[in-house]
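[1] Build me a model from this:
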Amino acid sequence: MLIEFTVGNHLSFKDKKTLSLEASSIKEFEENTFKAGNYTLLKSVIIYGANSSGKSNLIRSLNKMDMIVRTSAQMSSTDKFKIKPFLLNTETEIKPSFFEILILIDDVRYRYGFEVDENIVHSEWLFRCKNKSESLLFLRDKDRIEITKDFHEGKGIEERTRENALFLSSVDQWNGTISKKIMNWFNERVYVLWGLAHKSRRPVTINFDSDPVTKKNMVDFISQFNLGFNEFKVESEKEVENAVLTHHNKYDIHGHVVDNHWFELDKEESSGTKKIFDLSGYIMGGLLSGNTTIIDELDAKLHPLLTMAIVRLFNSNKNNSRNAQLIFATHDTNLLTYGNFRRDQVYFTEKNQFEETDLYSLVEYKDESGVKPRNDRSFEKDYIKGRYGAIPFIGDFSNLLSNGQNIED
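    Just a heads-up that it's a prediction; the model follows:
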């Protein structure tokens, strides 16, 4: 399970900012939390903010850390990390980017992080916490790596680790027990889906077609969204590779089913239907496996009720028995009223005058008088009014359109 993620000096994040999924002491909507070891964690987190405020950059940062962990061991000595520090400051543009994650594996907390620039790993660390005592496993400062007795699996691998490879990934290559657990979390327990393009995610849903049981489960799952079709199949041909066809009933004038028709998903179904289909493999797979699913712009192309249905799957005790977690960015303010979110589940991103992104939760927000919002406030109305920040400031268009001038003149 994910406890928290911290990023600094990457994209629009100049200073270190933390997204936490550890529940606060508030008592509202306790079904949206679950117990894991010594922790009470959130089943979902929703992120709001104006366009270009940093919502997508937060998810891109999670994705960047995930990609570096999973691929650094396979890089050549000349490969680059393709890191973008905060470029709008003369001090940070030449410094490495910071990534750190706290995760829970078998009720043991691990704190793992690193600092990297385009070319090398500047620092790297791994701590383990059993009960309430945190102990160091290894600490790296460029080419110097200190290993404690609790991380003996890393012995002898220090000198074999390239300057542009993570030590954790290198130890995993030699079948380290602890490193394997953490690498498995990145490889199998977290899905990061960012950007509006979703067709590339379709193969995960299509994989459910390979077995009759999993196929039925996926059909039943998609059918709950009432998209109009009650079956799908995948056809692989030379002309149309992996074409997905959706099954629709055909009716006579009396409303009786007399036949059926197969539509091609990409050509004949709506954009929202295609998105639901493409993401269903990750959503259902995450719920079945207890994974952490992270989605940018979840609401794009979807009716608000569909977005709400997905969120409620994760916040449900019945449908989320394995305590899967969902993190998503959205502009759908209806969820602030009808989504039944706790205040610690709601995060905002906002840029200051220097274009630096701030990240803060509703539960920690204080107004000018130092007062936190009560749980009986209308969060949606307050947010739209700008009470919590994180909204666009729209200029005055009237001057541009005044005096009877045509904009094209």
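[2] For Asn242, give me its contacts.
    By CB atoms under 8 Å, 6 or more residues apart in numbering, the contact list for Asn242 reads 202-203, 206, 234-236. Glycine gets a C-beta too; all of them are placed from N, C-alpha and C.
[3] Which of those sits closest to Leu298?
    The closest of these to Leu298 turns out to be Arg202 (CB to CB; 16.7 Å).
[4] so what's that closest one up against?
    Arg202 touches 242, 244, 277-278, 281, counting by CB under 8 Å, 6+ apart.
[5] which of these are buried?
    244, 277-278, 281 (16 or more other CB atoms under 10 Å).
[6] Can you lay out the contacts of Arg202 as CSV showing pLDDT and secondary structure?
    Listed next are the contacts of Arg202 as CSV, based on pLDDT from 0 to 100; DSSP: H, G, I helix; E, B strand; the rest coil:
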residue, pLDDT, secondary structure
Asn242, 75, coil
Val244, 92, strand
Phe277, 92, helix
Asp278, 93, helix
Gly281, 92, helix
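[7] Same list (these) but as a markdown table, adding distance to Ile327.
    Listed next are these as a markdown table, based on distance: CB to CB, whole Å:
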| residue | distance to Ile327 |
| --- | --- |
| Asn242 | 29 |
| Val244 | 27 |
| Phe277 | 22 |
| Asp278 | 18 |
| Gly281 | 18 |
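[8] what about Arg162, which SS state?
    Assigned state for Arg162: coil (three-state reduction, DSSP: H, G, I helix; E, B strand; the rest coil).
[9] how close does the residue lying closest to it once chain neighbours are set aside sit to Leu62?
    The shortest distance from Arg162 to any non-neighbouring residue, by CB to CB, 6 or more residues apart in numbering, is to Ser77 (5.7 Å). Using CB to CB, to the nearest Å, Ser77 is found at 27 Å from Leu62.
[10] and Glu153, that's in a helix?
    Yes. The assignment for Glu153 by three-state DSSP puts it in a helix.
[11] Tell me which residues touch it, please.
    Neighbour list for Glu153: 171, 174-179 [criterion: CB under 8 Å, 6+ apart].
[12] swap in Val69?
    Contacts of Val69 by CB under 8 Å, 6+ apart are 166, 168-169, 183, 186.
[13] From what I see, Gly176 and Lys155 are in contact.
    No. Taking contacts as CB atoms under 8 Å, Gly176 lies outside contact range of Lys155: 9.9 Å.
[14] Show me which of the two is the more surrounded one.
    Gly176 (20 against 12; other CB atoms under 10 Å).
[15] ok, that one to Met67 distance?
    Going from Gly176 to Met67 by CB to CB gives 21 Å.
[16] Check Gln353 too.
    For Gln353, the distance to Met67 - CB to CB - is 32 Å.
[17] Which residue of the two possesses the greater neighbour count?
    Taking other CB under 10 Å, Gln353 and Met67 do not tie; Met67 has more neighbours (14 against 5).
[18] how about the more buried one, phi and psi?
    With angles defined as degrees, to the nearest 10, Met67 sits at phi -70, psi -40.
[19] Repeat that for Asn51.
    Torsion angles, degrees, to the nearest 10, at Asn51: phi -60, psi 140.
[20] Check Lys216 too.
    phi -60, psi -40.
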